[in-house]
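# Predicted model, plus sequence, below.
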Amino acid sequence: MSSSFVHLHLHTEYSLVDGINRIKPLASAVAEAGMPAVALTDQSNLFAMVKFYRAVMAKGLKPIIGVDMWVQDSDSANSPSRLILLSQNMTGYHNLTELISKTYIDGQQQGRPILQKDWLQGQTDGLIALSGGREGVLGQLLINDKLDEARVQADDWQRLFPERFYLELQRTGRENESAYIHQAVELAIRANLPVVATNDVHFLQQSDFGAHEARVCINEGRTLDDPRRPKRHSDQQYLRTPAEMCELFADIPEAIENTLEIAKRCNLALTLGENVLPDYPVPAGITIETFLADEAQAGLQKRLSAME
């Protein structure tokens, strides 16, 4: 990979609560910026995966499939925190889809799918985890000067994702980011944790921030001029170029280098456009096509007879 940076935390318009990146313009912008790969990490879903995979592959780039998830420790009363999961391979993809499904079936809290941390046990093979920056569980502990507790948590996350857990760093001009990065770098040294830079991308250009905020307001049922509206995003969360990201993290070059390393480690290959039928048992001497056609015909006749 010849580029110097890869975006690994990015929402599209399929991240229904807060993303406006359209797939094809996004793929074009990544290619024009000279980046060799890009990750899809929509909020709690994989709705855009097929369209994203095709569009990125068509540009000669590597698609990285992941999800931005809300996660909560069942033993803790703390609010859910962020966790980014990226598929390395088909095993990781299968684990990811199972985890997402479980959040919708068993993890709904006030309409929001939540991943319980203990569900990760035995379900992390083939997955790389990014800590979620200041909104992750480690970020929240560090912002509140709980470095010792963060160290304990870091050890636990490293156990869940051996050699596959990265401390995520962001510089988007949002509250507490500077304080978080200072503490995060110290934790990385103490816990021997690798760091990685992301920009938590929600729109292509800085000028798109207003449209993005309108999308957020629609989801929250608020207006742009509502003084009570929480301001969780900034106009810096656009698709920054590799040069911009390198300049932004010139003091922590390994955070940039690790984006390339993670991209190299993610090699999920999807087979699209092929129908995959279940291995259904049929009587001897008859093909499954003939059997299904006969069954369909019999079912139709039964329905017609019932209508007479």
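The structure has been received and is ready for your questions. Residues are numbered from 1 along each chain as shown.

# Next, the buried residues of the helix or strand hosting R190.
Applying DSSP states H and E as the criterion places R190 in helix 177-191. For helix 177-191, a neighbour-count test (16 or more other C-beta atoms under 10 Å) marks 177, 180-181, 183-185, 187-188, 191 as buried. Bear in mind the C-beta positions are built from the backbone N, C-alpha and C, glycine included.

# same deal with stretch 251-258?
252, 255-258.

# Can you tell me which of the residues you listed comes closest to L120?
N258 (21.7 Å; C-beta to C-beta).

# so that closest one sits in a helix?
Yes: when DSSP: H, G, I helix; E, B strand; the rest coil is applied, N258 is found to be in a helix.

# follow-up on the earlier one: which residues are contacting the helix holding R190?
133-134, 138-139, 142-143, 145, 147, 150-151, 154-155, 158, 167, 169-171, 193-195, 252 (C-beta atoms under 8 Å, 6 or more residues apart in numbering).

# Restrict these to the buried ones and give me that as a PyMOL selection.
Here is the PyMOL selection string for the buried members of those, based on 16+ other C-beta under 10 Å:
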select buried, resi 133+134+138+139+142+143+150+151+154+158+167+169+170+171+193+194+195+252
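
# ok so, going back, the helix or strand following the helix holding R190: partners in the sheet, and parallel or antiparallel?
Remark: after helix 177-191, the chain's next helix or strand is strand 195-197, criterion DSSP H and E. Sheet pairing here is set by DSSP bridges, and for strand 195-197 it gives strand 165-169 (parallel).

# if we can go back for a sec, can you tell me which of the buried residues of stretch 251-258 is closest to M49?
N258 (23.9 Å).

# Skipping its backbone neighbours, what lies nearest that closest one in space?
V196 (4.3 Å; C-beta to C-beta, 6 or more residues apart in numbering).

# where exactly do the strands run in the stretch 101-250 of the chain?
Counting by DSSP state E, counting those that start in this stretch, the stretch 101-250 of the chain has these strands, from start to end: 108-109, 112-113, 115-116, 127-130, 165-169, 195-197.

# need the longest strand for this structure.
strand 62-72 (DSSP state E).

# Could you list every helix and strand in contact with it?
strand 37-43, helix 49-58, strand 81-87, helix 90-106, strand 112-113, strand 115-116 (3 or more C-beta pairs under 8 Å, 6 or more residues apart in numbering; DSSP states H and E).

# roughly how far out does the third one sit from the chain middle?
Translated: strand 81-87. From the chain centre to the centre of strand 81-87 is a distance of 5 Å (C-alpha atoms, centre = their mean, to the nearest Å).

# What's the per-residue pLDDT of G285 here?
Per-residue pLDDT puts G285 at 83.

# picking that back up, closest to I84 among the buried residues of stretch 251-258?
Distances from I84 to the buried residues of stretch 251-258, taken by C-beta to C-beta, are shortest for N258, at 13.3 Å.

# so what's that closest one up against?
166, 194-197.

# how about TSV for the residues you listed, with distance to G299 and pLDDT added?
Formatted as TSV, those follow (distance: C-beta to C-beta, whole Å; pLDDT from 0 to 100):
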residue	distance to G299	pLDDT
Y166	53	98
P194	57	98
V195	59	98
V196	54	98
A197	57	98
